[in-house]
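Asker: Predicted model and sequence follow; I will ask about them next.
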Amino acid sequence: MPALAAALLTASLALAGCSAGGTQDTASKAVSRPAGERGGQADGAGTEAGDAAAPGGTAAPGAQGEDGRSGTPAGVHVIRTAELTVRVEDARKALATARTAAGNAGGLVQDEVTERDEDSGVTSRIVLRVPGASYDAVLSELAGTGTLLARKAKAEDVTDQVVDVESRIASQRVSVARVRELMDRATKLSDVVALEGELSSRQSALEALLAQQASLKDRTTLATITLELFENQPVEKERKAEDPGFLDALGGGWDALLATLRWIGVVLGAVLPFAAVLGALFLLWRLVRRLLPAAAPAAGPADPAHAAESAERGREED
């Protein structure tokens, strides 16, 4: 009995030690997992949360109350765009002002096009990318470079897209990690080949999601301002009217003569068809008139002498 009791006690102590060791290993894995396998997941899912804290545990600007975008609450992601049309006196000076405003705000010039036209003068188009915190200030400064002709601003809330992409990135990272674990455990060549293909496709999907996340972060962090500048044309001074002289009168008379001859030609051209028709009718009438007297004697009953003799015979009989 003492020997049996000692054996049971020894077995109980051994089982308790194994159980404690397994629990401790599980806890250590759970603690170390975010720094290892889940490190990428934490980075992808906490893009804005990670950006809110600066290195060394110091909160980044806008982390409290706002996330650095102008008037945007923390956790809300907005894409801001604006278009300005301004008429200025000097386009080059206005362009320099726009570049300086973007540089002072921590932004950049994304695109710039300047064209010169003989009729419309100088036309410039510049695209600026500025941080959201300086969006309103830069917009006001650009509008003040000249006469504002048109202004169009747009704010698009993409918070749902950002959250969806972050969630998909976290899931895709977990999926990639699982495939890698299976590859480490695989022993057959066929299994390794199949897992490599699966890992490649999942890795490609993860990279596409990361690119989409980077694009969203860029558009929500930097606002886009498109500025179109039109330079005023110099106003030509009207010449004072001078008294007309002999040459002016001669030129005016010559122009009047030419205008009269031109109108006479136009009238003649309009009347000529009618005149031709009337002339043809007149010639036809003259021809018919000539033919009528020649035909009349031939159609008479007798000559004049015979007519006189007949009349005299009639009087004698009476």
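Answerer: Right, received. Where do you want to start? Since we're looking at a predicted model, the values are computed, not measured. Numbering: from 1, shown residues only.
Asker: Just the mean pLDDT for stretch 161-171, thanks.
Answerer: For stretch 161-171, mean pLDDT rounds to 93.
Asker: Which positions in it come out as buried?
Answerer: Gln161, Val162, Val165, Glu166, Arg168, Ile169, Ala170 (16 or more other CB atoms under 10 Å). All C-beta atoms are positioned from the backbone trio N, CA, C, and that covers glycine.
Asker: Next, work out how far apart the first one and Asp117 are.
Answerer: Taking CB to CB, to the nearest Å as the measure, Gln161 falls 41 Å from Asp117.
Asker: Where does pLDDT dip in this structure?
Answerer: Residue ranges of the chain with pLDDT under 70: 1-73, 118-120, 233-243, 293-318.
Asker: And the strands in it, which stretches?
Answerer: 78-88, 108-117, 121-131, 147-157, 222-231 (DSSP state E).
Asker: can I get these in JSON lines with distance to Ala214?
Answerer: As requested, the strands of the chain are arranged in JSON lines below (distance: least, CB to CB, whole Å):
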{"stretch": "strand 78-88", "distance to Ala214": "14"}
{"stretch": "strand 108-117", "distance to Ala214": "16"}
{"stretch": "strand 121-131", "distance to Ala214": "15"}
{"stretch": "strand 147-157", "distance to Ala214": "18"}
{"stretch": "strand 222-231", "distance to Ala214": "12"}
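Asker: What about Ala101, how many residues nearby?
Answerer: 22 (other CB atoms under 10 Å).
Asker: Identify the residues contacting it.
Answerer: Leu128, Val138, Glu141, Leu142 (CB atoms under 8 Å, 6 or more residues apart in numbering).
Asker: would JSON lines of those with neighbour count and distance to Gly103 be doable?
Answerer: Below are the contacts of Ala101 laid out as JSON lines (neighbours: other CB atoms under 10 Å; distance: CB to CB, whole Å):
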{"residue": "Leu128", "neighbour count": "26", "distance to Gly103": "10"}
{"residue": "Val138", "neighbour count": "23", "distance to Gly103": "10"}
{"residue": "Glu141", "neighbour count": "17", "distance to Gly103": "12"}
{"residue": "Leu142", "neighbour count": "25", "distance to Gly103": "13"}
